[in-house]
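*Asks:* quick one: sequence plus predicted model below, questions after.
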Amino acid sequence: MNKVVLVTGANSGIGLALCERLLSQDSEGLQLCLACRNLQRAQAARSALLTSHPTAQVALLHLDTSSMASVLTAAQEVKRRYNRLDYLYLNAGIMPNPQFDVKAFFKGLFSSRIVSMFATGEGILTQQDGVTSDGLQQVFATNLFGHFLLIRELEPVLVQAGQTSRLIWTSSSNARRSAFSLEDVQHQRGSEPYSSSKHASDLLSLALNTHHNSQGLYSSVICPGFVMTNLTFGILPSFPAFLWTLLMPVFWLIRMFTNTFTLTPYNGAEALFWLFKQKPESLDPRAKYHSLTSGLGNNYTQPRKMDIDLGTSEALYEKLLQLESEVRQKLKQKRIPESS
Ligand SMILES: NC(=O)c1ccc[n+]([C@@H]2O[C@H](COP(=O)([O-])OP(=O)(O)OC[C@H]3O[C@@H](n4cnc5c(N)ncnc54)[C@H](OP(=O)(O)O)[C@@H]3O)[C@@H](O)[C@H]2O)c1
């Protein structure tokens, strides 16, 4: 039976590279669904995939993870099209209006933090968040909550007798406990919403394992490393493309010291691809699986313990369930005047 695989944010970067790698391994045995907010870009991605894998089954789905109405509609459509879902890759993500702290960067260059600064972006990156039409913080909604609601809606196709299904989150090494607070899970008050949302996805993955492993649903988390994608280019928007190209030899040099400089989307998708082939029972729910590339350019996946605890993960899970019921209530109220 063909495996059904849905990838959010599949039209570019790491998500698209994952799709390419999955099809290169088995273009006949998959039903791949690219869930994207921009259907024009999604169509271009589908065409590119079909050019190299003409017989593959590649479908498109409109999904904006920052809009809860879009998530509900997309989930309905998935349940209409497929009677089961084997893999759900929760990969879509944003880092809006990033502010790069040049002063902190140069200070870090001459300190003992240099490697961790390059590996995690710690201390040099902040963002300006916005608010969605649902009244949620944009980064939280896009990176975490839209995905949470999607999982909740897709439970009937993810959890079925005799079936094992997988949730695989694209997190980050920028996910830091210090950026996250249970009192402010949406990160309304801070300036590191990206880091907060990624730490929250690490915590949520653990809670999903606690609640669903007995039903055959398993969740894992990866970090793709530092990859040159639209998201990374957005950190220095005024930096011309050719300068990024000129910087590549410097990045290759840095890779001699930190294997987290995976650099290409293909390399960054390594852990996502590796997890596809693993038995979920053999995985550690407290590990983040890192895509790594050696100085010589060899890819491999390495598990590293996450800085998370069960108590906080359960507390976050409860908060997300509470928020879910509030959001559903609001959406219902919005629909009533429209239809009356
Ligand atoms: N690049 C890195 O170094 C790095 C490091 C750590 C983690 N990550 C994570 O890797 C994941 C993929 O990012 P990337 O680096 O491959 O960057 P990317 O090329 O910008 O890909 C991000 C994808 O997410 C989609 N997306 C954004 N907002 C969305 C929304 N509201 N609804 C649906 N899709 C949405 C984008 O669609 P559009 O084309 O419409 O914008 C795009 O397809 C993200 O979760 C990111 O946080 C990246």
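*Replies:* All right, it came through fine.
*Asks:* show me what from the chain comes close to the ligand.
*Replies:* When proximity is defined as CB under 6 Å from any ligand atom, the chain approaches the ligand at 8-9, 11-15, 36-38, 41, 63-66, 91-94, 142, 170, 172, 224, 226-227, 229-232. Yep, even glycine has a C-beta here, placed from its N, CA and C like the rest.
*Asks:* quick one: buried ones out of the residues you listed?
*Replies:* Neighbour counting with 16 or more other CB atoms under 10 Å marks 8-9, 11-15, 36-37, 63-66, 91-94, 142, 170, 172, 224, 226-227, 229, 231 as buried within these.
*Asks:* how far away from the center of its chain is the top helix by length along the chain?
*Replies:* Longest helix in the chain, counting residues (DSSP state H): helix 310-339. The gap between the average C-alpha position of helix 310-339 and the chain average comes to 21 Å, counting by CA atoms, centre = their mean, to the nearest Å.
*Asks:* for that helix, what is the average pLDDT?
*Replies:* When pLDDT is averaged over helix 310-339, the result is 91.
*Asks:* mind listing what's buried along it?
*Replies:* With burial defined by 16+ other CB under 10 Å, the residues of helix 310-339 counted as buried are 312-313, 316-317, 320, 323-324, 327.
*Asks:* which residues touch Gly121?
*Replies:* For Gly121, the residues meeting the contact criterion (CB atoms under 8 Å, 6 or more residues apart in numbering) are 173-174.
*Asks:* distance check, it against Arg177.
*Replies:* In this structure, Gly121 and Arg177 are separated by 15 Å, where distance is defined by CB to CB, to the nearest Å.
*Asks:* got it, and Glu183?
*Replies:* In terms of CB to CB, Glu183 sits 14 Å off from Arg177.
*Asks:* neighbour count for those two, which is higher?
*Replies:* In terms of neighbours (other CB atoms under 10 Å), Arg177 is the more surrounded of Glu183 and Arg177; the figures are 16 against 6.
*Asks:* re the thing from before, just the buried residues of helix 310-339 now: which is nearest Leu292?
*Replies:* Of all these, Ser313 has the smallest distance to Leu292: 25.4 Å, by CB to CB.
*Asks:* am I right that that closest one is in contact with Leu206?
*Replies:* Yes - between Ser313 and Leu206 there is a contact at 4.2 Å, judged by CB atoms under 8 Å.
*Asks:* could the C-alpha coordinates of stretch 228-248 be exported in PDB?
*Replies:* As requested, C-alpha coordinates have been extracted for stretch 228-248 and formatted as PDB (Å, rounded to 0.1, in the frame of the first residue of the first chain):
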ATOM      1  CA  MET A 228      20.900  28.700   3.000                       C
ATOM      2  CA  THR A 229      17.100  29.200   2.300                       C
ATOM      3  CA  ASN A 230      14.700  32.100   1.900                       C
ATOM      4  CA  LEU A 231      14.400  32.100   5.700                       C
ATOM      5  CA  THR A 232      18.100  32.600   6.100                       C
ATOM      6  CA  PHE A 233      18.400  35.200   3.300                       C
ATOM      7  CA  GLY A 234      15.600  37.100   5.100                       C
ATOM      8  CA  ILE A 235      18.100  37.700   8.100                       C
ATOM      9  CA  LEU A 236      20.000  40.100   5.900                       C
ATOM     10  CA  PRO A 237      17.500  41.200   3.300                       C
ATOM     11  CA  SER A 238      19.700  44.000   1.900                       C
ATOM     12  CA  PHE A 239      22.600  41.600   1.400                       C
ATOM     13  CA  PRO A 240      22.900  41.000  -2.400                       C
ATOM     14  CA  ALA A 241      22.700  37.300  -3.600                       C
ATOM     15  CA  PHE A 242      26.200  37.400  -5.000                       C
ATOM     16  CA  LEU A 243      27.600  38.300  -1.600                       C
ATOM     17  CA  TRP A 244      26.000  35.200  -0.100                       C
ATOM     18  CA  THR A 245      27.800  33.200  -2.900                       C
ATOM     19  CA  LEU A 246      31.100  34.900  -2.100                       C
ATOM     20  CA  LEU A 247      30.600  34.000   1.600                       C
ATOM     21  CA  MET A 248      30.200  30.300   0.800                       C
END
